[in-house]
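Colleague: just need the structure, nothing else, for what follows:
(2 chains)
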Amino acid sequence: MTDLFPLYNSLRIAAISGVIVFFAGIAAAYYASRLPRAVKGALDVLLTLPLVLPPTVCGYFLLRLFGARRPLGRLLLGWGVRLAMHWTGGVAAAVVVAFPLMYRTARGAFESFDERPAWAAQTLGLSNTWIFWHVRMRACRQGILAGGVLAFARALGEYGATSMLIGYTPGRTATVATTVYQLWRTNDERGAFFWVMVNLAISAAVLLTVNLLESRERTGRSLWRWR
Amino acid sequence: MALEVDIEKRAGAFHLRAAFRCDSEVLGILGASGSGKSMTLKCVAGIERPDRGHIALDGRVLFDSDRKIDLPPQARRVGYLFQSYALFPGMTVRQNLLCALHAEKDRKKRAARVDAMLALLQLRDAAELRPGALSGGQAQRTALGRILLNAPDLMMLDEPFSALDAHLRLRLQMEMKDLLAGFGRGVLLVTHDRDEAYRMCDRLGVMCDGRMLTVKGTKALFADPETRAAAALTGCKNIADARPTGPREVFVPAWNARLITEKPVREGLQAVGIRAHSFNPDEPVNRLPVRILNEMEEPFAWVSAFRFEGQSPDAPALWWRYPRECRPKNAPGALGVAPGEVLLLY
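Modeller: Below is the predicted model:
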């Protein structure tokens, strides 16, 4: 019987970081899309950097920040939060690496939004909060959902930053991605193959979801009915 | 019951200066694209913010730069019909209309009023369709219904017919005119189409390069546009610089023509305009020898391009349009213009 802990660990890391990235990405994208051009450019570089940096470099920075002997790491330890060599560090690593995907996709959706329905809603006396959820988010929904799925998939497949920050401890910090490497390194070819297959299945499911979302967007049908 | 606007706004090189008043009437703003028509509407709606000025509606101050008053669009009670209609994406026609009644808490009353509006605008069959599935006319009526249900104190229509096919336009203009008469409050209608302006508006203002020029009754404006911009926007095809040579006489250098006018020529005359249909081969006054260059047939008229004898070579040819049944056997050697048809432009 194969120990399924890596799958459980990967899913919980991806789920938690996915939720964080989803909302943080939307908020960052919404505010960035309304900033003046120069500020936006600078912010963009900072927020998108993890997408192009090697994940190990992200992991290096995270270790410098959250290592047990660093000020921030010590502060968090004082509150009982441990990131280095602990599965919660996997969440931090996945958030940093997956955030740009969500941010970029959501920002693209917000920037291509036609403002006129929002203006029309304002002149009809509808509140800005109502407009954000019922008009803006609704029009951008498919783009935002696609970004969320991509970010979730990236979090699920995260390897570099994760292995830097939380290493590989079977039953404690092992994820699907780190397990594949560890088993291969120790000549457990059958074990590695099993986890490769798990990885393939998850990735295929995610890509199918993205394609479904995109085709729905093209045909203009909505995923869920209103009310 | 009136809208009073006196605003100024700079955006890059563009400088908007608009001052006008709109009572319970349809006031048209006629202007070329980029002349500042839509920006004026946006300032009144509260979507754009003027740099300076004052906007009041029925005595309520919507914007006042000196008193630091700038009501949000939600508090202005101004309806805005966008050129693209701006329906809420993903919502059906019925849901779009329901949104306009957010202040009405009683579900049944809300549903009843929406049903009545659907019937009034002949949208019952389209009630469950989403914006993408609507025809241009249906989308426009939905947007209009949303505004009417919201019962604003002023309605603004931004190029309401330009997105529609020509054959639909006339019928929808007729329907819109009825609806606006029933609305009973001020309406601002922005357009670049002179026929639309003439059909729909009680009074017209001409907008050019961010400035609101002459504002006057629609028929009076077409009869005497007063400015070059207004003459061009009301469809005057022949406009040229001119200088006064007598109390009722002007000289047009580009045409090498001396023209008698009906109205006395005032100080500051810049140009004269002659509408294409004002030329007449049988008119004895202002009669000048011409050479026809080209002719083109239209469904119910002929259009000719011609030059006056002695016209300066770099001045463009002039246009003459006449009904089909008035087509002379031989091309006329001279054309005249009644003095009353010479438009004096300042």
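Colleague: residues in chain A within reach of chain B, list them.
Modeller: Applying CB under 8 Å from any CB of the partner chain, we find that chain A lies next to chain B at A:114, A:116-117, A:119-127, A:130, A:134-135, A:138-139, A:141, A:220, A:222, A:226. Bear in mind the C-beta positions are built from the backbone N, C-alpha and C, glycine included.
Colleague: and those, which are buried?
Modeller: A:116-117, A:119-126, A:134-135, A:138-139, A:141, A:222 (16 or more other CB atoms under 10 Å in any protein chain shown).
Colleague: out of those, list just those in helices.
Modeller: Among those, the ones falling in helices (DSSP state H) are A:116-117, A:119-123, A:138-139, A:141.
Colleague: would a markdown table of those with pLDDT be doable?
Modeller: Shown next, in a markdown table, are these (pLDDT from 0 to 100):
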| residue | pLDDT |
| --- | --- |
| A:Arg116 | 92 |
| A:Pro117 | 93 |
| A:Trp119 | 94 |
| A:Ala120 | 93 |
| A:Ala121 | 94 |
| A:Gln122 | 94 |
| A:Thr123 | 93 |
| A:Arg138 | 85 |
| A:Ala139 | 86 |
| A:Arg141 | 84 |
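Colleague: now the two most distant members of those residues.
Modeller: Spanning the widest gap among those are A:Thr123 and A:Arg141, at 23.4 Å by CB to CB.
Colleague: so who does residue 44 touch?
Modeller: All of this refers to chain A. By CB atoms under 8 Å, 6 or more residues apart in numbering or on different chains, the residues touching A:Asp44 are A:Ala32.
Colleague: was after chain B, sorry
Modeller: B:Val44 neighbours (CB under 8 Å, 6+ apart): B:3, B:5, B:55, B:62, B:76, B:78, B:154, B:156, B:188.
Colleague: redo these as JSON lines? Include pLDDT and neighbour count.
Modeller: Output for those, formatted as JSON lines (pLDDT from 0 to 100; neighbours: other CB atoms under 10 Å in any protein chain shown):
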{"residue": "B:Leu3", "pLDDT": "92", "neighbour count": "24"}
{"residue": "B:Val5", "pLDDT": "93", "neighbour count": "22"}
{"residue": "B:Ile55", "pLDDT": "94", "neighbour count": "25"}
{"residue": "B:Leu62", "pLDDT": "94", "neighbour count": "26"}
{"residue": "B:Arg76", "pLDDT": "93", "neighbour count": "24"}
{"residue": "B:Val78", "pLDDT": "94", "neighbour count": "26"}
{"residue": "B:Leu154", "pLDDT": "93", "neighbour count": "24"}
{"residue": "B:Met156", "pLDDT": "94", "neighbour count": "28"}
{"residue": "B:Leu188", "pLDDT": "94", "neighbour count": "27"}
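Colleague: can you pull out the helices in the chain?
Modeller: By default, I'm working from chain A. A:5-32, A:37-52, A:55-66, A:71-78, A:87-111, A:116-123, A:128-131, A:137-156, A:160-166, A:176-185, A:189-219.
Colleague: my bad, chain B
Modeller: Assignment of helices within chain B using DSSP H yields the ranges B:37-45, B:93-99, B:107-120, B:136-150, B:166-183, B:194-200, B:218-223, B:228-233.
Colleague: could those be laid out in a markdown table, adding mean pLDDT?
Modeller: Shown next, in a markdown table, are the helices of chain B (pLDDT from 0 to 100):
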| stretch | mean pLDDT |
| --- | --- |
| helix B:37-45 | 93 |
| helix B:93-99 | 91 |
| helix B:107-120 | 91 |
| helix B:136-150 | 91 |
| helix B:166-183 | 86 |
| helix B:194-200 | 91 |
| helix B:218-223 | 92 |
| helix B:228-233 | 91 |
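Colleague: ok, which of the ones you listed comes nearest A:Leu76?
Modeller: Closest among these, using CB to CB: helix B:93-99, at 46.1 Å.
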